[in-house]
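In: I'll drop the sequence and a predicted model, then ask my questions.
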Amino acid sequence: MVHLKYKLKYTGTLKLLSGLHIGASKENAQIGGVDHPVVRRKDNDQPYIPGSSIKGKIRCLLEQQKGVDIGGDIEINNLFGYSDTNTISKIIVRDAYLTEESALSLKENRNTDLPYSEVKFENTIDRFAGNAGNPRQIERVPAGAEFDVEFVINVWSNDSGNDDSEKLKNLLKKGIDLLNADYLGGNGTRGYGHIKLELDEPEEIGKINNKS
């Protein structure tokens, strides 16, 4: 019988090498505030990185590398799930919150424009007229900030009683390598969202040793 054998829990750190913008709903923008605010926690107003943003970006990069559409690769679907085939996701990606050190550093930083963040002015250049237009303010979490991250992989047995944990681990590692070479969040081609995500060795949770 197919069953959940154990969980692999990864913890680590995501460090910003350039400013990061993951936008909040424009409905949350305050009157007189920036045009494009970042998403923030409701309990302490600190910026955070939604787990869905990390998970979605890693999956997208893996599918791009294989040259397939969404849901077009069985191996990727096996880890990330795919609703069209009722394939359940085996990976959990937690929301990433500022480390205690980064939260304190940003809170006391007098050079930030807003609590825990900076504001960058952007505009569009008309290459024929040579004029700048569409000025806007984009909020970013500054370079140097660090976030605590957590990934959990649910390892299930297959029909033979074995599992594919090594394939799942290798696929996650490949996705993180691709993410570190790409960007997270918006405006990545403008230099935003360059990160370094590092995970410690996973902890096995709930694994039963059947050896007598």
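Out: Perfect, thanks for sending it. Residues are numbered from 1 along each chain as shown.

In: all strands for the chain, in order.
Out: 4-16, 48-49, 91-93, 96-98, 118-126, 131-140, 146-156, 195-199, 203-205 (DSSP state E).

In: Please name every helix or strand in contact with the shortest one.
Out: With contacts taken as 3 or more CB pairs under 8 Å, 6 or more residues apart in numbering; DSSP states H and E, strand 48-49 sits against strand 96-98. (Glycine included, C-beta is placed from N, CA and C.)

In: Isn't residue 153 up against residue 6?
Out: No: judged on CB atoms under 8 Å, residue 153 makes no contact with residue 6 at a distance of 9.5 Å.

In: more neighbours, the two?
Out: residue 153 (21 against 17; other CB atoms under 10 Å).

In: And the spatially most central residue of the chain, how far from residue 197?
Out: In the chain, the residue lying closest to the centroid (CA atoms, centre = their mean) is residue 54, at 2.0 Å. As judged by CB to CB, to the nearest Å, residue 54 and residue 197 stand 8 Å apart.

In: ditto for residue 16
Out: Taking CB to CB, one finds residue 16 at 10 Å from residue 197.

In: quick one, which of the two is more surrounded?
Out: Using other CB under 10 Å as the criterion, residue 16 and residue 197 rank with residue 16 on top: 23 against 20.

In: beta partners for that one?
Out: residue 195 (DSSP bridges).

In: Would you confirm that residue 48 contacts residue 98?
Out: Yes: if you go by CB under 8 Å, residue 48 and residue 98 touch, sitting 7.1 Å apart.

In: Between those two, point out the one with more neighbours.
Out: Neighbour count, other CB under 10 Å: between residue 48 and residue 98, residue 98 has more, with 23 against 18.

In: In contact with that one, which residues?
Out: 46-48, 106, 116, 145-148 (CB atoms under 8 Å, 6 or more residues apart in numbering).

In: Of those residues, which is the most crowded?
Out: If you count neighbours using other CB under 10 Å, the busiest of the contacts of residue 98 is residue 47, which has 27 neighbours.

In: show me what contacts that residue?
Out: Taking CB under 8 Å, 6+ apart, one finds 22, 38-41, 98, 116-117, 141 in contact with residue 47.

In: Only alpha carbons, please: show stretch 13-21 as PDB.
Out: This file holds the C-alpha atoms of stretch 13-21, laid out as PDB (Å, rounded to 0.1, in the frame of the first residue of the first chain):
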ATOM      1  CA  THR A  13      18.800  31.500   4.400                       C
ATOM      2  CA  LEU A  14      17.800  33.600   1.500                       C
ATOM      3  CA  LYS A  15      20.100  36.700   1.100                       C
ATOM      4  CA  LEU A  16      19.300  39.600  -1.100                       C
ATOM      5  CA  LEU A  17      22.200  40.600  -3.400                       C
ATOM      6  CA  SER A  18      20.100  43.300  -4.900                       C
ATOM      7  CA  GLY A  19      16.800  45.100  -4.000                       C
ATOM      8  CA  LEU A  20      13.700  42.800  -4.000                       C
ATOM      9  CA  HIS A  21      10.200  43.800  -5.100                       C
END
